[in-house]
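> sequence-free structure coming up:
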């Protein structure tokens with residue numbers, strides 16, 4: 001597969017970027033091609049302005065130059081992976097803005113849908129798996145990303161993978177997280193849809 005990897009973190013020395021690098025290595029080992037989009041490096045503007053506001057009276061929209069560029073980039077790939085830290089049980093503002101502006105009416109939903117075969121969301125969580133599950137945060141996040149975004153945009157094969165306990169852990173734990181990221185890359189094509197309710201087509 002030709003995978004577009006969208007990463008959201010302000011620091012190149014972050015664990016998020018270490019995970020991204022190892023994931024890319026895994027993709028290569030699995031026979032996949034990849035392009036990385038660092039939203040901070042390209043100066044992506046996450047604010048939805050008038051030029052990119054969804055116009056539901058139109059089947060096909062024209063967007064601002066930055067969004068047209070990102071749509072063209074997406075069209076060159078047949079799969080997507082997002083790598084990001086989980087903040088307030090949600091996407092970081094930069095990545096949320098990417099979804100708001102790029103996954104837009106007339107391209108990702110509405111008259112047209114995304115053509116991609118699958119989406120993988122790699123979320124770095126500062127808490128443990130037990131803490132994530134305690135109040136059903138994991139299920140809520142999976143439902144939001146897999147159903148509310150991916151399936152709504154026509155990609156029914158979507159999966160969320162959490163990398164847990166990313167804060168103040170011993171070195172061997174971080175190495176295990178990087179090993180998990182590598183394995184996600186190697187096995188990218190074998191990821192299957194999580195058993196969640198989908199939108200009726």
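Received the coordinates, thanks. Since this is a predicted model, take the numbers as computed values, not measurements. Numbering: from 1, shown residues only.
> and the residue of the chain most remote from its centre, helix, strand or coil?
Distance from the C-alpha centroid of the chain, by CA atoms, centre = their mean, peaks at residue 57 (28.3 Å). Here residue 57 is recorded as coil under DSSP: H, G, I helix; E, B strand; the rest coil.
> Give me the pLDDT for it.
What the model reports as pLDDT for residue 57 is 87.
> mind listing what the residue nearest to the spatial centre of the chain touches?
Residue closest to the mean C-alpha point of the chain, counted by CA atoms, centre = their mean, is residue 82 at 2.4 Å. For residue 82, the contacting residues are 5-8, 95, 119-122, by CB atoms under 8 Å, 6 or more residues apart in numbering. To be clear about C-beta, it is placed using only N, CA and C from the backbone, and glycine gets the same treatment.
> average pLDDT across the host helix or strand of residue 97?
Secondary structure assignment for residue 97, by DSSP states H and E: helix 93-102. Helix 93-102 carries an average pLDDT of 98.
> Which secondary structure elements does that helix sit against?
For helix 93-102, the elements it packs on are helix 65-75, judged by 3 or more CB pairs under 8 Å, 6 or more residues apart in numbering; DSSP states H and E.
> Much appreciated, bye for now.
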